[in-house]
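Visitor: Structure, please.
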Amino acid sequence: MVASLPAESAGDLPARASVLRRLVAGNRQTLLGLCVLGVFAAIAVLAPVIATAGINTQFANGFAAPSAAHPLGLDGGGFDVLTRLVHGARTSLLVGSVAALVGMVIGGVIGVLAGYFGGRTDGLLMRTTDYFLVIPDIPLMIVAAAVFGQNLTNIVIVIGLVYWASTARLIRAQVLSVRQRTFVHRVEAMGAAPLWVLARHVVPHVMPLLVANTVLMVANAIFAETYISFLGLGDPSVTSWGRMIQEALDQGAVLAGAWWVVLPPGLAVTIVVLAATVAGQGMEDTLNPRLKVGHLAVRRFRVRPLHGRLERA
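Guide: Model prediction:
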């Protein structure tokens, strides 16, 4: 039993709270992305209020252009596009969020255990991770969705199982760094159990990075659900943005010039994926400032102007 919390670890508690505040309030990029995601989440929750027409209500004229009664027009089957769009937001956001959480839990647990215990545990877990990293994700998801069934539960599990490996690698590297800090060695020397050290000291230090990576994974999960549904392997009993695009192409919306059927779900997927990516990258920049100022950082690479150098020369 540990008698008291080391001074270094106790002093880290307000520091961790400061990091969490800076992840959101202190970063305009993160705040912008989260605001956009919040708007789409509100639309999904308020879908019955926003879309007055029933999702199963079929109108007479297929491919009817946008009008006052139907702001986004009708699709080839005579269904209101706005109604299907806001209800599709529920499915796409739900699958993306839950699949990202599944990947976060699996990858986080494996990364923490591998980084902290090391040795054979690290070797076994990382070799398993490497196998998942080299497997092509799209063919694996297509085969799994076709074999295990076309329902939301299976799709969420498949996406989560595909994307956990990169999270495990990232968290393992962070845990290896935290594992070597002085306050962790002091707690271990005082006789603390490994699980207590993990829960009380290691996991809180890697949690902000895990959250940032999960936000990035939401973008990947939503995109994955979209092309799974687009390929006809999504849940046929629910409406999603990918299914809307797939049905629009099957109905000949492009040939009919019905842009209002294809464009709204495509824009919705693009905006949500970009918002999640912007928010996640903003969080990563806050946690690792070297990504923001590095000369060769991919996300923020810029060619510096020469006029200042010429003046100094």
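
Visitor: give me the low-pLDDT residue ranges for the protein?
Guide: 1-26, 287-313 (pLDDT under 70).

Visitor: The lengthiest helix in it: which residues count as buried?
Guide: Across the chain, the longest stretch assigned as helix under DSSP state H is helix 81-117. Neighbour counts using 16 or more other C-beta atoms under 10 Å place 81-104, 106-116 of helix 81-117 among the buried residues. Where you see a C-beta, it was placed from the backbone N, CA and C, and this is true even at glycine.

Visitor: Could you tell me the angle between the helix or strand following it and helix 81-117?
Guide: Downstream of helix 81-117, the next assigned helix or strand under DSSP states H and E is helix 119-134. Angle of helix 119-134 versus helix 81-117, following axes from the mean of the first three to the mean of the last three C-alpha atoms, to 10 degrees, is 150 degrees.

Visitor: name the helices or strands packed onto helix 119-134?
Guide: The contact analysis (3 or more C-beta pairs under 8 Å, 6 or more residues apart in numbering; DSSP states H and E) places helix 119-134 against helix 81-117, helix 152-179.

Visitor: For those helices, please prepare TSV with the additional fields distance to residue 244.
Guide: Shown next, in TSV, are these (distance: least, C-beta to C-beta, whole Å):
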stretch	distance to residue 244
helix 81-117	6
helix 152-179	16
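
Visitor: Next, the buried residues of stretch 155-172.
Guide: For stretch 155-172, the neighbour count (16+ other C-beta under 10 Å) marks 155-156, 158-172 as buried.

Visitor: Likewise for stretch 256-268?
Guide: Using 16+ other C-beta under 10 Å as the burial criterion, the residues of stretch 256-268 that qualify are 258, 260-262, 264-266, 268.

Visitor: thinking again about what came up before, looking at the helices and strands packed on helix 119-134, spot the one closest to residue 50.
Guide: Proximity to residue 50, assessed across the helices and strands packed on helix 119-134 by C-beta to C-beta, is greatest for helix 81-117 (5.1 Å).
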